[in-house]
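**Student:** Make a model of this:
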Amino acid sequence: MDKRALIIGGTGIVGRNLAEHLHARGDWTIAGLSRGRTPVPAGMEPITADLTSAASVADALKERQFSHVFFTAWARQATEAENIRVNGAMVGNVLAALGPGGALSHAALVTGLKHYLGPFEAYAQGSVPTTPFREEQGRQPVDNFYYEQEDRLFEAASRYGFGWSVHRPHTIIGYAVGNAMNMGVTLAVYATLCKETGAPFVFPGSAAQWNGLTDMTDARLLARHLEWAATSAPARDEAFNVVNGDVFRWNWMWARIAGYFGIEPAPFDGETRPLDSRMQQARAQWTDIAARHGLAEQDIDRLVSWWHTDADLGRPMEVLTDMSKSRKLGFLDYQSTPDAFFDLFDRLKRERIIPA
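**Tutor:** Below you'll find the model as predicted:
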């Protein structure tokens, strides 16, 4: 098969890692569709368009053929109603441009565990399915832009005859700069600030997260999962959870992250202390740190997502994910979550994002 991939959001945490993985495989031709504000990774052809405009997308993809499309981007809006309108249209616009040509073999959509937890407007409120989350638990009775994206995908697949897969990672660990949801880079910057300023390395989340079991998803493992589902017959037309395969408690992980940076973790007293309300001085502090260490990015807002890290670590319940469906169909990859963090931190040092 002539494998020609179009990655929607090729510079984000998922898209960048997917592009690097496919490029390393050597048998994929790769293009990335975005607004063009961030340089694309090596081996990716950039295509610029406004994903929210059907005309812009159609013009950018005119006379282009791809065997696979991977949706790895979303645009955060002020309300869930707007999230539904904008993010649903992004999926619909791309598939309307690619589907009629007949070349498209598979479309993969990356969503996440908000499929089970509900959207940010109603995050983890009301009835939440019993953990570990399993694919057959289905949708929550709330508005959710993930559901709109799925429905756009299912409708286009039925109309044009291509296969599909949906991928639901937990919090993703991976290298990217300038994206809206990146706990790994946020924690690296937070630990660096604490080390440089002498501030205590305080866990910002809830007692439920501090004490409960959880899991995470390495972006590199997710990239392999995306390729597997896109090229594996048993995975066609299926939705999957995707996590590393190990479990941990934050009261164990927090000390290991602190140890990597050579700082002491502050004792946890059971109170939730969100980063977003404690980081008012961080912008000026980071500008100074970046100048002193010759770092590549002085704008802290391109590195951190305090709000997203607060949302994940502040959950009032245990969040754990079942991977049995993928395992039974043949995807057996595993990734140590501590190693995922440490590999990311090492790369951030090599790329001069944090001090070496």
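**Student:** all contacts plus neighbour counts: C-alpha atoms, from now on.
**Tutor:** Will do.
**Student:** V243: what's it in contact with?
**Tutor:** P169, H170, D215, M216, T217, D218, L221, L222, T321, M323 (CA atoms under 8 Å, 6 or more residues apart in numbering).
**Student:** which residue sits closest to it, ignoring its sequence neighbours?
**Tutor:** Setting aside the residues directly before and after it, V243 is nearest to T217 in space (CA to CA, 6 or more residues apart in numbering), at 4.5 Å.
**Student:** I figured N87 hits Q149, correct?
**Tutor:** Yes - with contact defined as CA atoms under 8 Å, N87 reaches Q149; the gap is 6.8 Å.
**Student:** Quick one: low-confidence residue ranges for the stretch 151-300 of the chain.
**Tutor:** 180 (pLDDT under 70).
**Student:** Now do the phi/psi pair for the residue nearest to V243.
**Tutor:** Torsion angles at T217 (phi, psi; degrees, to the nearest 10) stand at phi -130, psi 120.
**Student:** my guess is it meets V242, correct?
**Tutor:** Yes - applying CA under 8 Å, one finds T217 in contact with V242, separated by 6.8 Å.
**Student:** Setting aside sequence neighbours, what's the nearest residue to K349?
**Tutor:** In space, K349 is closest to A356, 5.0 Å off (CA to CA, 6+ apart).
**Student:** do you know how far that neighbour is from A31?
**Tutor:** For A356, the distance to A31 (CA to CA, to the nearest Å) stands at 33 Å.
**Student:** Run through the strands of this protein in chain order.
**Tutor:** 3-8, 28-34, 44-48, 68-71, 106-110, 163-169, 172-173, 213-214, 217-218, 238-242, 248-249 (DSSP state E).
**Student:** Report all helices and strands that the longest helix along the chain contacts.
**Tutor:** Identified as the longest helix of the chain according to DSSP state H is helix 80-98. Under the contact criterion of 3 or more CA pairs under 8 Å, 6 or more residues apart in numbering; DSSP states H and E, helix 80-98 touches helix 54-61, helix 145-160.
**Student:** would TSV of the ones you listed with mean neighbour count and distance to E45 be doable?
**Tutor:** TSV is the format used below for the helices and strands packed on helix 80-98 (neighbours: other CA atoms under 10 Å; distance: least, CA to CA, whole Å):
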stretch	mean neighbour count	distance to E45
helix 54-61	18	13
helix 145-160	19	24
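**Student:** of all these, which lies closest to Q137?
**Tutor:** Counting by CA to CA, Q137 lies closest to helix 145-160 out of the helices and strands packed on helix 80-98; the figure is 13.7 Å.
**Student:** Pull the residues that contact the closest one.
**Tutor:** 80-81, 83-85, 87-88, 91-92, 95-96, 99-100, 102, 107, 109, 111, 114-115, 119, 139, 163-164, 166.
**Student:** one more time with 7 Å, if that's ok
**Tutor:** 80, 83-84, 87-88, 91-92, 95, 99-100, 111, 115, 163-164 (CA atoms under 7 Å, 6 or more residues apart in numbering).
**Student:** for stretch 164-176, same thing?
**Tutor:** 12-13, 106-113, 157, 183-184, 216-219, 229, 236-243, 340-341, 344.
**Student:** on that earlier part again, who wins on neighbours among the contacts of helix 145-160?
**Tutor:** Within the contacts of helix 145-160, W164 tops the neighbour count with 26 neighbours, counted by other CA atoms under 10 Å.
**Student:** Settle this for me: E264 is touching W254, isn't it.
**Tutor:** No - counting by CA atoms under 7 Å, E264 sits too far from W254 to count as a contact (9.7 Å).
**Student:** Can you add distance to L303 and give the helices and strands packed on helix 80-98 back as TSV?
**Tutor:** Below are these laid out as TSV (distance: least, CA to CA, whole Å):
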stretch	distance to L303
helix 54-61	28
helix 145-160	25
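**Student:** nearest to G294, of those?
**Tutor:** So among those, helix 54-61 is nearest, using CA to CA, at 38.1 Å.
**Student:** Could you figure out how far that closest one is turned away from strand 28-34?
**Tutor:** Orientation of helix 54-61 against strand 28-34 (axes from the mean of the first three to the mean of the last three CA atoms, to 10 degrees) gives an angle of 150 degrees.
**Student:** Give the other helices and strands that helix 54-61 contacts.
**Tutor:** Helices and strands touching helix 54-61, by 3 or more CA pairs under 7 Å, 6 or more residues apart in numbering; DSSP states H and E, are helix 80-98.
**Student:** which non-adjacent residue is nearest A290?
**Tutor:** Q298 (5.4 Å).
**Student:** Ends of stretch 7-20, what's the gap?
**Tutor:** 11 Å.
**Student:** Now for the contacts of V243: which two are most distant?
**Tutor:** Greatest spatial distance in the contacts of V243: L221 and T321, 15.0 Å, computed using CA to CA.
**Student:** A60 against A49, yeah?
**Tutor:** Yes - look at A60 against A49 with CA under 7 Å: they come within range, at 6.1 Å.
**Student:** Retrieve the pLDDT associated with the residue lying closest to G9 once chain neighbours are set aside.
**Tutor:** Once flanking residues are discounted, G9 sits nearest to A73: 4.6 Å by CA to CA, 6+ apart. Per-residue confidence (pLDDT) for A73: 91.
**Student:** From E121, how far off is Y147?
**Tutor:** Y147 sits 15 Å away from E121, going by CA to CA.
**Student:** Ignore what I typed, I meant D215.
**Tutor:** On the measure of CA to CA, D215 and E121 end up 23 Å apart.
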